[in-house]
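Sequence first, then the predicted structure, then my questions.
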Amino acid sequence: MRYADVPESRRAMSPRRLAVRLMSIVIQEEWRGNRGGRYYYVREEVILKRIDKYAISEKKVYESRRGPMYEYLVPVQSIRGKEIYEFGFSNSGYPFFHKCSVEAFLRSKYPGIPGHTLLQTVRSEELMNLEFEIEDPKLLKFMRNIKEFYISIVNEIKDYSSVMDFKIFFPGHAEATSTFLGSVDEGIIRCMVLQSDQARMRCLGKLVSWIYQLWVIVLISKALMVEGFFKHEHRTKPTWWIEQGKPNPAFVARSRNNNYYTFFFEPQIHEMAHLAGAFTKTRIHVRPDIIVARGITAP
């Protein structure tokens, strides 16, 4: 670019600063959690560092109900020769993880995102050999607690599901919890790709909360000497339907004494009941964690 082509606002910069800006790329992120979000990291040996660590400026492009979009101006030289990891999620929560070089951004038709043909798929096995940079000691402690306690909790839930021959199904917005139950390490990765330690902790907190509640349900079922669960006609085996904020039961169980119990997971009498606080300006508790009712209870 010729000096004459440089906008007036940039001519006031020092030549060095101007040169850095002219040799920089824009990288866009969408902070939408695990549904529609997109985040970038740079690999330094076995450490993945947030893209904002390399940026000379950042700005919020817009704010939507689903979350903001940020743009980072990153000098090409600061990331040249390094692998850039893209962690994205579809609107339904399906993950797509890729890596590329800075060339993918330089040769892209669309500013802010890498060219699709220059992306390489990243599998979970590769990520398990890498570490996400963490700055908040509270998150480090939380991660240690998860690995110390929740791996055994998850294994107990899965063992009970196998022995009692039922499935655990997560409809709606619980893909991360389903992933965590299948593999604790992969569930952690879904949270660690987010934009900050605070966002990661919120994500992990929700995951372990649901896993803990499932474990409590397993313990209750064992205490009630449950021998089996009702199976719907259209399903191949009994299913625990784990969904938040619905009036329907999660499942119905039969005990050794031939008693029946209906289990509810975070139910509410109406799907819109949690919005009541918006009218009263006060917090209203409308959703208990677990309800166990004796007998077969219909919503």
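Yep, that arrived.

CA only for contacts and neighbour counts going forward, please
OK.

hey, which helix or strand in this structure has the poorest pLDDT?
helix 277-280 (a mean of 49; mean pLDDT, DSSP states H and E).

Please spell out which residues along the helix or strand just after it are buried.
Scanning forward in sequence from helix 277-280, with DSSP states H and E defining helices and strands, the next element found is strand 290-294. Buried residues in strand 290-294, counting neighbours by 16 or more other CA atoms under 10 Å, are found at 290, 292.

Please shift the residue numbers so they start at 27 in all later answers.
Taking 27 as the first residue, the last one we looked at is strand 316-320.

got the CA coordinates for strand 316-320 in PDB?
Written as PDB, here are the backbone C-alpha positions of strand 316-320 (Å, rounded to 0.1, in the frame of the first residue of the first chain):
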ATOM      1  CA  ILE A 316     -35.200 -33.300  41.600                       C
ATOM      2  CA  ILE A 317     -38.600 -34.600  42.500                       C
ATOM      3  CA  VAL A 318     -39.400 -38.300  43.200                       C
ATOM      4  CA  ALA A 319     -43.100 -39.100  43.500                       C
ATOM      5  CA  ARG A 320     -44.500 -42.400  44.600                       C
END
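
contacts for that strand?
For strand 316-320, the external contacting residues (CA atoms under 8 Å, 6 or more residues apart in numbering) are 239, 243, 285, 286, 287, 288, 289, 290, 291, 292, 293.

Turn these into TSV, columns for secondary structure.
Shown next, in TSV, are the contacts of strand 316-320 (DSSP: H, G, I helix; E, B strand; the rest coil):
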residue	secondary structure
239	helix
243	helix
285	coil
286	strand
287	strand
288	strand
289	strand
290	strand
291	strand
292	coil
293	coil
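
Mark which of those are buried, thanks.
When burial is judged by neighbour count using 16+ other CA under 10 Å, the buried members of the contacts of strand 316-320 are 243, 286, 287, 288, 289, 290, 291, 292, 293.

Dump those residues into TSV; add distance to residue 260 as well.
Below are those laid out as TSV (distance: CA to CA, whole Å):
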residue	distance to residue 260
243	24
286	21
287	21
288	20
289	20
290	21
291	22
292	24
293	23
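
where in the stretch 77-226 of the chain is pLDDT low?
Low-confidence segments of the stretch 77-226 of the chain, defined by pLDDT under 70, span residues 198-199.

quick one: the helices in it?
For the stretch 77-226 of the chain, applying DSSP state H, counting those that start in this stretch gives helices covering 102-105, 129-132, 150-153, 163-171, 177-190, 201-208, 210-218, 223-249.

Buried residues, the last one. List them.
Going by neighbour count (16+ other CA under 10 Å), the buried part of helix 223-249 is 223, 225-227, 229-230, 233-234, 236-238, 240-241, 243-244, 247.

Just the angle for that helix relative to helix 210-218, thanks.
For the pair helix 223-249 and helix 210-218, the angle between their directions (axes from the mean of the first three to the mean of the last three CA atoms, to 10 degrees) equals 140 degrees.

between helix 223-249 and helix 163-171, how big is the angle?
For helix 223-249 against helix 163-171, the angle by the same axes, to 10 degrees is 30 degrees.

By neighbour count, which bits of the following helix or strand past helix 223-249 are buried? Give me those.
Counting by DSSP H and E, the next helix or strand C-terminal to helix 223-249 is strand 252-255. Judged by neighbour count using 16+ other CA under 10 Å, the buried positions of strand 252-255 are 252, 254, 255.

quick one, what contacts the residue nearest to the last one when sequence neighbours are not counted?
If I follow you right, that is residue 255. Residue nearest to residue 255 in three dimensions, not counting chain neighbours: residue 279, with 4.4 Å by CA to CA, 6 or more residues apart in numbering. With contact set as CA under 8 Å, 6+ apart, residue 279 has these partners: 252, 253, 254, 255, 256, 286, 287, 288, 289.

please redo it, this time with the cut-off set to 7 Å
With contact taken as CA atoms under 7 Å, 6 or more residues apart in numbering, residue 279 is in contact with 252, 254, 255, 256, 286, 287, 288.

For it, what are phi and psi?
phi -120, psi 160 (degrees, to the nearest 10).

Residue 114: which of the buried residues of strand 252-255 is nearest?
For the buried residues of strand 252-255, the residue nearest residue 114 by CA to CA is residue 255; the value is 37.3 Å.
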